[in-house]
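In: Next one to model:
(chains A and B)
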Amino acid sequence: MFETVQYEVQRRQRGTIALTVGIAAVAAFFVALFPSFSSSGIDIDQMLEAWPPALQEAFGIETLATIEGFLAVELYNFVWVIVLGLYFAYSAASVIADDIERDRMDLLLSLPVSRSQLLFEKVGSLLAPIVLINLGVAVAVYASILAIGESIALSRLVMVHLLSVPYLLACAAIGLILSVTVTRADVGKRLALAVIFVLYLLDSIAATVDGLGFIRYLSPTYYYNPTEILVHGTYGIGDAAILLVITIVLLGIARSIFVRRDI
Amino acid sequence: MNPIDVKALSKSYGDVVGIDSLTFSVKPGEVFGFLGPNGAGKTTAIRTLLGLQSPTSGKAHVLGASITDESELLEAKTRIGYLPSDLAFNESVSGKRVLDYHASIKGDSRRAELLEIFTPPIDRPIREYSTGNEQMLGIVQAFMHDPDLVIMDEPTSGLDPLKQERFNQFITNERDRGTTIFFSSHVLSEVRRVCDRVGILRDGALVGLETIESLLNQGGKRVQIQTPDTIESQIEALDGVFSVISFGETVQFTYTGTYNNLISELQQYDIVDINISEPPLEDIFMHYYGSETEPDTETEAAHV
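Out: Next up is the predicted model:
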């Protein structure tokens, strides 16, 4: 058990650390920008109100005057919801398809490991970067907020990271479906990017169009809202549960496709 | 129980036939060669046997496990070694890491011993490996858990002649240890050197299943005669003479008749030199393949 997880996590170790350090640096940079923002004497929020509501919705803009609102927009709605969502969907799209395309799957399936186990261990190994990036960046954000003499409710910071885990898992599960279906890895990876981005847009657009609100329920982005968590401290555990259910259902579908497939 | 039992196994991809109703068995402790040119269905047969793709019809058992029953096959796979024809590993990891990973799942009681015979640079990342080094790493992982059955698809491709020789010697030793070996090849001389029996595959169907000796006996002898006389037409008239060619003073033919007849015929002529030898396997192979695939067989012969 978990031999494949261990192998895959180790194999990606360097990439995971680089990504964590990179995003932590970006996060610290954003935090460092905040004082010049808030002390500039301009009422930024008043300016933002002139923005189209769709744009405000898309970027999760509520306020830029507080460190929470500022981080929700600059870091979480952008890096977490979009960049990391795309990244993990893309990574998951490659786990099976790459091995098949590069002729590695033959050898892996000759090992005494069932296809289900191989599939779940491979996609499960993505949990390591998800956790490490969240931990690393949370620490970096908290430390740099203290360093600029601001403060943030620790519980909100913890929740915005914790609740991103089910969201990123759901994105990975979408990528995995594509990974076990397509015959060319490149196509799967590009499709995964497209699907996540389209779902994100659907959520943003449907939110501001009357009568289309129900479409938002289709997008995983609807169930993870960093602005709500950071600015208002409100979040639904139910939303996280929905994301986990989506993940489990998608993993189940991916499994049933993969075990039947001719390699 | 035979290590491999195949009954009427077929696999087609839509209208394309991969393998067509294969039936054969591989006996315990035997080295079985699966012979045929590229595209004959060797890889399809092997990949179906390992459960990588499901058969269209027919059935097969590997070490007693049905190939369509995943849990039975998994149990069997702990005792099977496999070397695929298109071998590939993750480029960024070292050979050692690959072996460690495989070992963590299936064991590696013979790793050190094998690494003395086959010497891939295991501390280097795979991306720096030559084809031969990757192939050697593949051979090590196929044998390191001391399997009862080893299935190899074109095992010597990419190995230099010296390593090929070492590999052939190694296979012979493995057979003596009691390991059953099933491998595909299009290199006839190699099959002849190490195999006990061969199955000959043509267009997805098994066209021959012979021991190496009977394969050779069927082929008769190759006779070369050097003489100043013109004897080609007389030789051709003899019973059991095939494929007569003459070049200069030499006449060469395949002979399946008795030696007495041949010698009494030859007494009439002025013989400078005579050479009777076993025919090359290529000639025998032609018997199964006929002339329509001649160009193919010639390219195969170039490998020998």
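
In: For the chain, which helix extends over the most residues?
Out: If you meant another chain, say so; for now it's chain A. Longest helix of chain A, by residue count under DSSP state H: helix A:3-38.

In: wrong one, I was asking about chain B
Out: helix B:161-177.

In: Which SSE is immediately downstream of that helix?
Out: Read in the C-terminal direction, the helix or strand following helix B:161-177 is strand B:180-185, with elements assigned using DSSP states H and E.

In: could you say what helices and strands that following strand packs with?
Out: Applying 3 or more CB pairs under 8 Å, 6 or more residues apart in numbering or on different chains; DSSP states H and E, one finds that strand B:180-185 contacts strand B:31-35, helix B:42-49, strand B:149-153, helix B:161-177. (Glycine included, C-beta is placed from N, CA and C.)

In: Quick one: list the elements packing against the helix or strand following that strand.
Out: Sequence-wise, the next helix or strand beyond strand B:180-185 is helix B:188-194, with elements assigned using DSSP H and E. Helix B:188-194 makes packing contacts with strand B:31-35, helix B:161-177, helix B:212-218, helix B:281-289 when contacts are defined by 3+ CB pairs under 8 Å, 6+ apart.

In: quick check, distance from helix B:188-194 to the centre of its chain.
Out: Using CA atoms, centre = their mean, to the nearest Å, the mean C-alpha position of helix B:188-194 is found 7 Å from that of the whole chain.

In: And what about the nearest residue to residue B:8 once chain neighbours are set aside, helix, strand or coil?
Out: Using CB to CB, 6 or more residues apart in numbering or on different chains and skipping the chain neighbours, the partner closest in space to residue B:8 is residue B:58 (3.9 Å). Following DSSP: H, G, I helix; E, B strand; the rest coil, the label given to residue B:58 is strand.

In: residues in contact with residue B:58?
Out: Contacts of residue B:58 were listed using CB atoms under 8 Å, 6 or more residues apart in numbering or on different chains, and they are B:6, B:7, B:8, B:9, B:10, B:21, B:22.

In: Mind listing the residues bridging to the fourth one?
Out: Residues found in beta-bridge contact with residue B:9 (criterion: DSSP bridges) are residue B:22.

In: Cross-check the contact I'm expecting between residue B:59 and residue B:66.
Out: Yes - taking CB atoms under 8 Å as the contact criterion, residue B:59 and residue B:66 are neighbours in contact, 6.7 Å apart.

In: Would you double-check that residue A:113 falls in a strand?
Out: No - in this structure, residue A:113 is coil, not part of a strand, as judged by three-state DSSP.

In: burial of the closest residue to it other than its chain neighbours, as a residue count?
Out: Taking CB to CB, 6+ apart as the measure, residue A:113 lies nearest to residue B:105, with 6.0 Å between them; neighbours along the chain are not counted. The burial metric for residue B:105, expressed as a neighbour count using other CB atoms under 10 Å in any protein chain shown, is 18.

In: So for residue B:105, what's the pLDDT?
Out: Per-residue confidence for residue B:105 comes out at a pLDDT of 95.

In: I'd say residue B:202 and residue B:40 touch.
Out: Yes - the pair formed by residue B:202 and residue B:40 meets the contact definition of CB under 8 Å, at 5.8 Å.

In: Who has more neighbours out of those two?
Out: Neighbours were counted for residue B:202 and for residue B:40 using other CB under 10 Å; residue B:40 has more, 25 against 18.

In: A strand includes that one, no?
Out: No - checked against three-state DSSP, residue B:40 lies outside a strand; its state is coil.

In: how about it, what does it touch?
Out: Residues touching residue B:40, when contacts are defined by CB under 8 Å, 6+ apart, comprise B:201, B:202, B:203, B:204.

In: ok, which residues in the stretch 101-250 of chain A are in contact with chain B?
Out: Taking CB under 8 Å from any CB of the partner chain, the part of the stretch 101-250 of chain A that reaches chain B is made up of A:102-107, A:109-115.

In: run the last query once more with 10 Å
Out: Proximity of the stretch 101-250 of chain A to chain B, by CB under 10 Å from any CB of the partner chain, involves residues A:101-117.

In: Buried ones among those?
Out: A residue is treated as buried here by neighbour count (16 or more other CB atoms under 10 Å in any protein chain shown); on that basis the buried members of those are A:101, A:104-117.

In: which pair in those spans the largest distance?
Out: A:101 and A:112 (23.8 Å; CB to CB).

In: What number of residues are in the vicinity of the residue in the stretch 201-304 of chain B that chain A sits nearest to?
Out: Among the residues of the stretch 201-304 of chain B, residue B:204 lies closest to chain A, at 16.1 Å counting by CB to the nearest CB. Number of residues near residue B:204 (other CB under 10 Å) recorded here: 22.

In: ok, back up a step: tell me which of the helices and strands packed on strand B:180-185 lies nearest to chain A.
Out: Checking these against chain A by CB to the nearest CB gives helix B:42-49 as the closest, at 7.0 Å.

In: Format the CA atom coordinates belonging to the closest one as PDB.
Out: Output in PDB follows, covering the C-alpha atoms of helix B:42-49 (Å, rounded to 0.1, in the frame of the first residue of the first chain):
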ATOM      1  CA  LYS B  42       3.400 -10.800 -30.900                       C
ATOM      2  CA  THR B  43       3.000  -7.700 -28.800                       C
ATOM      3  CA  THR B  44      -0.800  -7.900 -28.900                       C
ATOM      4  CA  ALA B  45      -0.600 -11.500 -27.700                       C
ATOM      5  CA  ILE B  46       1.700 -10.600 -24.800                       C
ATOM      6  CA  ARG B  47      -0.300  -7.500 -23.800                       C
ATOM      7  CA  THR B  48      -3.500  -9.500 -23.800                       C
ATOM      8  CA  LEU B  49      -1.900 -12.300 -21.700                       C
END
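
In: Tell me the secondary structure at residue A:235.
Out: In the three-state summary, residue A:235 is assigned as coil, counting by three-state DSSP.

In: Would you agree it is in contact with residue A:167?
Out: No - counting by CB atoms under 10 Å, residue A:235 does not reach residue A:167; the two are 11.6 Å apart.

In: which residues are in contact with both of the two?
Out: Common contact partners of residue A:235 and residue A:167 (CB atoms under 10 Å, 6 or more residues apart in numbering or on different chains): A:224, A:225, A:226.

In: can you pull the contacts of residue B:112?
Out: Applying CB under 10 Å, 6+ apart, the residues near residue B:112 are residue B:144.

In: What distance do you get for it to chain A?
Out: Going from residue B:112 to chain A by CB to the nearest CB, to the nearest Å gives 20 Å.

In: Would you mind pointing out the helix or strand residue B:123 falls in?
Out: Using DSSP H and E, residue B:123 is not contained in any helix or strand.

In: Tell me, how many residues neighbour it?
Out: By the measure other CB under 10 Å, the count of residues near residue B:123 is 9.

In: Can you report how many residues lie near residue A:252?
Out: Using other CB under 10 Å as the criterion, residue A:252 is surrounded by 12 other residues.

In: what about it, distance to residue A:88?
Out: Applying CB to CB, to the nearest Å, one obtains 19 Å for the distance of residue A:252 from residue A:88.

In: now residue B:140
Out: 35 Å.

In: close enough to count as contact, residue B:53 and residue A:261?
Out: Yes - counting by CB under 10 Å, residue A:261 is a contact partner of residue B:53 at 8.6 Å.
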